[in-house]
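Student: kindly return the folded structure for what I paste below:
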Amino acid sequence: MANPWRGDVALRIDGETRVMRLTLGALAELEAEMKTGSLMEIVERFENATFSSQDVLALLGAGLRGGQCDVTQDQLFHAQIEGGPIAAARAAAELLARAFAVPPA
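Tutor: Model prediction:
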């Protein structure tokens with residue numbers, strides 16, 4: 001079950017619900033994969049709607065690794081995502097938002 005306070009985001013991939021999370025290690029891998037100088041560059045792409053499908057796949061892959069899901073990047077590339085590209089992009093944006101959200105006091 002996805003716990004939003006922990007940064008979890010659930011997404012149905014190939015008929016199975018996967019819980020993703022952007023851990024610090026996953027974020028570091030994501031920076032390298034997306035060739036950015038900072039995490040804010042990644043956030044800005046999504047805030048400004050200038051992200052690509054490769055950005056979405058990279059974020060989902062990092063979230064899957066952070067959530068300890070055994071889906072490879074190649075499997076993700078060929079996967080059926082419930083809700084299609086729009087749901088995938090929303091899940092990617094939600095991963096970023098939850099990774100940097102501060103729980104209320």
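
Student: could you tell me which ranges of this structure sit under the pLDDT cut-off?
Tutor: Along the chain, segments meeting pLDDT under 70 span 103-105.

Student: quick one, helices of it?
Tutor: Ranges of helices in the chain, per DSSP state H, are 24-34, 39-47, 53-66, 73-78, 84-99.

Student: show me what the second one is packed up against.
Tutor: Looking back up the chat, that one is helix 39-47. helix 24-34, helix 53-66, helix 84-99 (3 or more CB pairs under 8 Å, 6 or more residues apart in numbering; DSSP states H and E). C-beta here means a position set from N, CA and C on the backbone, and glycine is covered the same way.

Student: do you know how far the nearest residue to Val56 once chain neighbours are set aside is from Leu57?
Tutor: Excluding the flanking residues, the one nearest Val56 by CB to CB, 6 or more residues apart in numbering is Ala92, at 4.6 Å. Going from Ala92 to Leu57 by CB to CB, to the nearest Å gives 8 Å.

Student: between those two, which has more neighbouring residues?
Tutor: For Ala92 versus Leu57, neighbours defined as other CB atoms under 10 Å are more numerous around Ala92 (26 against 17).

Student: what about the residue nearest to Ser53 when sequence neighbours are not counted, neighbour count?
Tutor: Leaving aside its chain neighbours, Ser53 sits nearest to Pro85 (7.0 Å; criterion: CB to CB, 6+ apart). Neighbour count for Pro85, taken as other CB under 10 Å: 10.

Student: what do you get for Leu60?
Tutor: Look at Leu60: counted by other CB under 10 Å, it has 26 neighbours.

Student: now swap in the one 5 residues further on and tell me
Tutor: Residues lying near Arg65 (other CB under 10 Å) number 21.

Student: on that earlier part again, compare the helices of the chain and give me the one nearest Val9.
Tutor: helix 84-99 (4.8 Å; CB to CB).

Student: endpoints of stretch 12-19, how far apart?
Tutor: Start-to-end span of stretch 12-19 (CA to CA, to the nearest Å) is 9 Å.
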